[in-house]
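Enquirer: Mind folding the following:
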Amino acid sequence: MKTTVVLTLVNLALVITLGILFSKSLSPENQNTVTDTVFIEKVLKPEVQYKIKEVPKTVYRYQTDTVVVEKVVLKKDTVILTLEDSTKLEVSTQFLTQYPSTDRLIQLLLDSENLSLSLQNTKGEVFKKEYSVDILNNSYNYVNNTLTSKKKSFIKKLSPYVEAQYRPFNNLMDLNLGLKYNTRKINYEIGFNTFYYPEFSKSLGADLYLKLNYTF
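Expert: Numbers count the residues shown, from 1 in each chain. Presented below is the predicted three-dimensional model:
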């Protein structure tokens, strides 16, 4: 009886702890990230392209919204543009001369299967590239106006986890410690299980397990 009470309390405490940790991860306090600014005494050198070149599935080209420039003045390292409505726009020459052939990013939209990049080139043309992506299995690198990818290593696709399960109608308790390997459709899980089923046995049991989950 004493063993049963202890095991029940342990499982209950574990479930409560996991619930608290999960709720904290969703709390607004964890969404207010404090940004650290680090100054580096060297010029940025983008990471080289990956081996696999990705081709956009669709490219949309938009009509250019022309803004008339009335006057251009160069003052030291700043270009001052006077627009048609007398608005003045100051642009650093470093903005124009560093990475001069790189398209300017206007918007990035990303989900698990699609990447959308809205860009503007040095001719002022605005366009959008849409790619099919697989962020679960691949790493991506967008540099020199090209998206490239590489396969994630086996180790990076492994996720360790702890799982507690309680079935109240039959008073069955499980605690799993395992590794999960995710693919696009099938998830593989392997690990060590401890269980307590008082209706069948008064002692604590243990076993290895293998799970397969199919995602529709």
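Enquirer: From here on, just use CA atoms for contacts and neighbour counts.
Expert: OK.
Enquirer: In terms of helices and strands, where is the residue nearest to residue 128 when sequence neighbours are not counted?
Expert: Using CA to CA, 6 or more residues apart in numbering and skipping residues adjacent in sequence, the residue nearest residue 128 is residue 118, 4.2 Å away. In this assignment (DSSP states H and E), residue 118 forms part of strand 114-120.
Enquirer: and the residue most central in space within the chain, which of the three is it?
Expert: By CA atoms, centre = their mean, the chain has its centre lying nearest to residue 135, at 7.8 Å. Secondary structure assignment for residue 135 (DSSP: H, G, I helix; E, B strand; the rest coil): coil.
Enquirer: Is it in contact with residue 115, as I believe?
Expert: No - at 9.9 Å, residue 135 and residue 115 do not qualify as touching, with contact defined as CA atoms under 8 Å.
Enquirer: And for the strand holding residue 118, what's in contact with it?
Expert: Applying CA atoms under 8 Å, 6 or more residues apart in numbering, the contact partners of strand 114-120 are 103-110, 126-134.
Enquirer: Need the CA coordinates for stretch 117-135. PDB is fine.
Expert: Extracted as PDB, the C-alpha positions of stretch 117-135 are listed here (Å, rounded to 0.1, in the frame of the first residue of the first chain):
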ATOM      1  CA  LEU A 117      10.600  36.100 -50.500                       C
ATOM      2  CA  SER A 118       9.400  39.500 -51.600                       C
ATOM      3  CA  LEU A 119      12.500  41.400 -53.100                       C
ATOM      4  CA  GLN A 120      13.600  44.400 -55.000                       C
ATOM      5  CA  ASN A 121      16.600  44.400 -57.300                       C
ATOM      6  CA  THR A 122      19.100  47.200 -58.100                       C
ATOM      7  CA  LYS A 123      16.900  48.200 -61.100                       C
ATOM      8  CA  GLY A 124      14.000  48.900 -58.800                       C
ATOM      9  CA  GLU A 125      12.000  45.900 -60.000                       C
ATOM     10  CA  VAL A 126       9.800  44.300 -57.300                       C
ATOM     11  CA  PHE A 127       9.200  40.500 -57.400                       C
ATOM     12  CA  LYS A 128       8.400  37.600 -55.200                       C
ATOM     13  CA  LYS A 129      10.000  34.100 -55.200                       C
ATOM     14  CA  GLU A 130       8.100  31.100 -53.800                       C
ATOM     15  CA  TYR A 131       9.900  27.900 -52.900                       C
ATOM     16  CA  SER A 132       8.800  24.500 -51.600                       C
ATOM     17  CA  VAL A 133      10.900  23.800 -48.500                       C
ATOM     18  CA  ASP A 134      11.200  21.000 -46.000                       C
ATOM     19  CA  ILE A 135      12.500  22.600 -42.800                       C
END
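Enquirer: List the buried residues of that stretch.
Expert: Under the neighbour-count criterion of 16 or more other CA atoms under 10 Å, stretch 117-135 has 117-120, 126-135 buried.
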